[in-house]
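> no FASTA, just this:
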Ligand SMILES: [Zn+2]
């Protein structure tokens, strides 16, 4: 997949062919920026990368002064969850509208691929059909089924009706097999999810028995579906290592630190670590820093009603009440719950957790564990500040804050997740033969990572007949118009980058 020496193959004017000229290129392989490249896209694939600027009759974009990089991958999302829908009492119709807007928000933030970490088969089918029918959104991959025991984590009222079609617990071998059957006809399933969560504070939820875990491992191996595990605590992550999991879906370590022995075992197994700092911890802090809700990128990509929920202090109060109630043992008297809410300093607690988890990620990153960007957006509809799209950008900033190098952060949000998901022959780097999932940025993110907040142009879908490009500044307008015709997209490109040559 090296650069070809000459771009002169095409002289057609197919609407889906495109030549990007004069771009600074970060290809995602870990190499530094290369100046003044042309990228030829034919039928949605990158067919040449070169220095020359040739051929007539093809649509061209002059990207002089801009940087092209692979589209971002968020390897931990929950597309069916709409932030704050519990408080707004969203109707089914509203939920559907928001869910499709969420897909557009990812593109507007430069995310061209997402991995949904727990989705009902019914909802996955809906999303797949939406995209197949020409809807706008990133490429969707998913984990399925999701395994959790009866009365365990997720089986206790956390999956409110606002979540949409629900998941099912698994109690025996038959359940495991029937869940696999439910997901067998999808071609975008890259693994399964195992929930191993005894409780965030006290131990309150049962785990699958060792025998059931063996069944899950055996049936997953049979179908060649690697296991991604929800595990926060080191003790539980060790269970994951015993199961031979492909991925820790959360970095964990809200307290404590990974030992060298633990790190060596993770390295030996080649387990990938997904970060999930933004939509499990850090963006809860928006409550204490409401100015963040005035972020122009947020306003462009997220509906006003959803942002307004995060401005509502009663919604925050209600959220804590519900969360604490859900994650403490049932026998704890409500008076005690009230005391917890009154006296716990959540801001301090969240900051301590963030600092600790960040240090743990840094230690594992320095040790060479493959780090993968994932946000966990927007896990439950109970949470109100885990916004789709912009959370991925926030995660990138948090990885920078904890000390990762920009070039490594880009690999962690492009090439490495593609490898983990087994889709590296299609996406993850800008190389000939790969899908043209690209982002054009006004500045070089290796010099300044916040360049990712200013996406000029994203290519989300490159089906031959259905190329879609979205510019963040134009997204709101296009959403309003309810139209995503190619002409709209052309306008967006012109406004963002200048006239086609
Ligand atoms: Zn999750």
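Good, I have the coordinates. What you see is a predicted model, and the numbers here were worked out from it, not measured in a lab.

> My read is that residue 146 contacts residue 191, right?
No. Judged on C-beta atoms under 8 Å, residue 146 makes no contact with residue 191 at a distance of 10.7 Å. Bear in mind the C-beta positions are built from the backbone N, C-alpha and C, glycine included.

> what's near enough to touch whichever residue of the stretch 1-150 of the chain sits closest to the ion?
Nearest to the ion in the stretch 1-150 of the chain, going by C-beta to the ion, is residue 117, at a distance of 4.5 Å. Applying C-beta atoms under 8 Å, 6 or more residues apart in numbering, we find residue 117 in contact with 76, 77, 78, 142, 143, 146, 193, 228, 230, 249, 374, 376.

> Buried subset of these as a ChimeraX selection?
The ChimeraX selection below is limited to those of the contacts of residue 117 classed as buried (16 or more other C-beta atoms under 10 Å):
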select :76,77,78,142,143,146,193,228,230,249,374,376
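
> Among the contacts of residue 117, which ones lie close to the ion?
Among these, the ones lying near the ion by C-beta under 5 Å from the ion are residue 376.

> and the contacts of residue 117 as a markdown table, adding pLDDT, secondary structure and distance to residue 409?
Putting the contacts of residue 117 into a markdown table (pLDDT from 0 to 100; DSSP: H, G, I helix; E, B strand; the rest coil; distance: C-beta to C-beta, whole Å) gives the following:
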| residue | pLDDT | secondary structure | distance to residue 409 |
| --- | --- | --- | --- |
| 76 | 98 | strand | 16 |
| 77 | 98 | strand | 18 |
| 78 | 97 | coil | 22 |
| 142 | 98 | strand | 24 |
| 143 | 98 | strand | 23 |
| 146 | 97 | strand | 28 |
| 193 | 98 | strand | 25 |
| 228 | 98 | strand | 21 |
| 230 | 96 | strand | 23 |
| 249 | 98 | coil | 19 |
| 374 | 98 | coil | 13 |
| 376 | 98 | coil | 17 |
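
> Could you pick out the longest helix of this protein?
helix 346-366 (DSSP state H).

> so what secondary structure elements neighbour it?
Under the contact definition 3 or more C-beta pairs under 8 Å, 6 or more residues apart in numbering; DSSP states H and E, helix 346-366 sits against helix 260-269, strand 371-372, helix 390-401.

> okay, now the domains of this structure?
18-71+428-497, 72-283+347-421 (automatic domain parsing).

> got a list of what the residue in the stretch 301-450 of the chain positioned nearest to the ion touches?
Closest residue of the stretch 301-450 of the chain to the ion, C-beta to the ion: residue 376 (4.3 Å). With contacts defined as C-beta under 8 Å, 6+ apart, residue 376 is in contact with 76, 77, 78, 117, 249, 250, 276, 278, 279, 280, 386.

> Mind doing that once more with 10 Å?
By C-beta atoms under 10 Å, 6 or more residues apart in numbering, residue 376 lies in contact with 74, 76-78, 81, 117, 230, 249-250, 274-281, 383, 386, 391, 395.
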